[in-house]
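> Here's a sequence, model it:
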Amino acid sequence: MASPSFGDGGSLSAQEVLISRLLDKALRQSRAVDTEGLCIVAGEKVWQLRVDVRVLDHEGNIVDCACIAAVAALLHFRRPDVTVLGDDVTVHTVEERNPIPLSVHHIPICVTFAFFDDGAKQVVDPTLLEEQVQEADMTFVINKHGDVCTLSKAGGVAVTVDQVIHCANIAAAKAEDITALVKEALTKHAPPKTDIV
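Numbering: from 1, shown residues only. As a prediction, the model looks like this:
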């Protein structure tokens with residue numbers, strides 16, 4: 001259990017549902033992964049992707065952490081290569097052919113802000129203590145190019161358009177930095193390529 005606030009493992013809490021929906025918007029609805037690249041035989045066979053995130057320790061800003069973990073997992077994942085000849089589909093083993101990375105259009109990064117003092121002050125990447133006393137939060141799903149994929153603000157104090165624009169600019173800079181860190185980590189831990197003969 002990452003936090004006592006998540007309950008006993010029965011039904012999902014409201015926070016867990018919110019996190020799940022935001023990750024779904026960040027990854028699937030933003031069309032980050034090329035779903036056509038998952039097709040094996042048009043209209044018949046496709047690869048199915050599923051990302052499960054298990055939180056081991058919750059010290060705040062769980063959405064951003066879960067998003068980074070899911071993005072890194074998708075970028076690190078390799079699927080088996082496939083050959084289609086007529087109606088015959090052959091899934092090749094790792095020994096036969098190198099696995100294929102997913103085709104990713106862009107890397108969506110969640111950047112969360114907590115608001116205090118009737119919305120006049122904001123903090124990026126709030127800690128658990130900051131989350132417990134925040135008056136509102138707002139999460140941007142944004143890529144390194146500054147494209148806003150999703151914006152989530154569920155209740156709390158009102159924020160002005162200027163504050164949203166200010167936070168969007170910060171989120172774009174953070175997304176660029178986080179994307180570079182994720183790519184650097186993946187490069188360091190890239191699976192070795194083998195020459196198949």
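> Would you confirm that Lys121 contacts Ala114?
No: the pair formed by Lys121 and Ala114 falls short of the contact definition of CB atoms under 8 Å, at 9.1 Å. Where C-beta positions appear, they are placed from N, C-alpha and C, glycine not excepted.
> in the protein, which segments are predicted with low confidence?
1-10, 191-197 (pLDDT under 70).
> which residues of it fall in strands?
Defined through DSSP state E, the strands belonging to the chain, from first to last, are 39-41, 45-46, 78-79, 82-85, 88-91, 100-101, 109-116, 121-124, 136-142, 148-152.
> Of all the ones you listed, which one is nearest Leu23?
The closest of the strands of the chain to Leu23 is strand 109-116. By CB to CB, the value is 8.0 Å.
> Give me the contact list for the closest one.
Where contact means CB atoms under 8 Å, 6 or more residues apart in numbering, the residues beyond strand 109-116 that reach it are 22, 26, 61, 63-64, 66-68, 71, 121-126, 130-131, 133-144, 156-157, 159, 167, 170-171, 174-175, 178-179.
> run the last query once more with 6 Å
Outside strand 109-116, the residues that touch it by CB atoms under 6 Å, 6 or more residues apart in numbering are 26, 61, 63-64, 67, 122-124, 126, 130, 134-141, 157, 167, 171, 174-175, 178.
> now do stretch 83-94
Contacts to stretch 83-94, defined as CB under 6 Å, 6+ apart, come from residues 80-82.
> Hmm, Thr179 is touching Ile107, no?
Yes: in this structure Thr179 lies within contact range of Ile107 using CB atoms under 6 Å: 5.1 Å.
> on that earlier part again, pull out the buried members of the contacts of stretch 83-94.
A residue is treated as buried here by neighbour count (16 or more other CB atoms under 10 Å); on that basis the buried members of the contacts of stretch 83-94 are Asp81.
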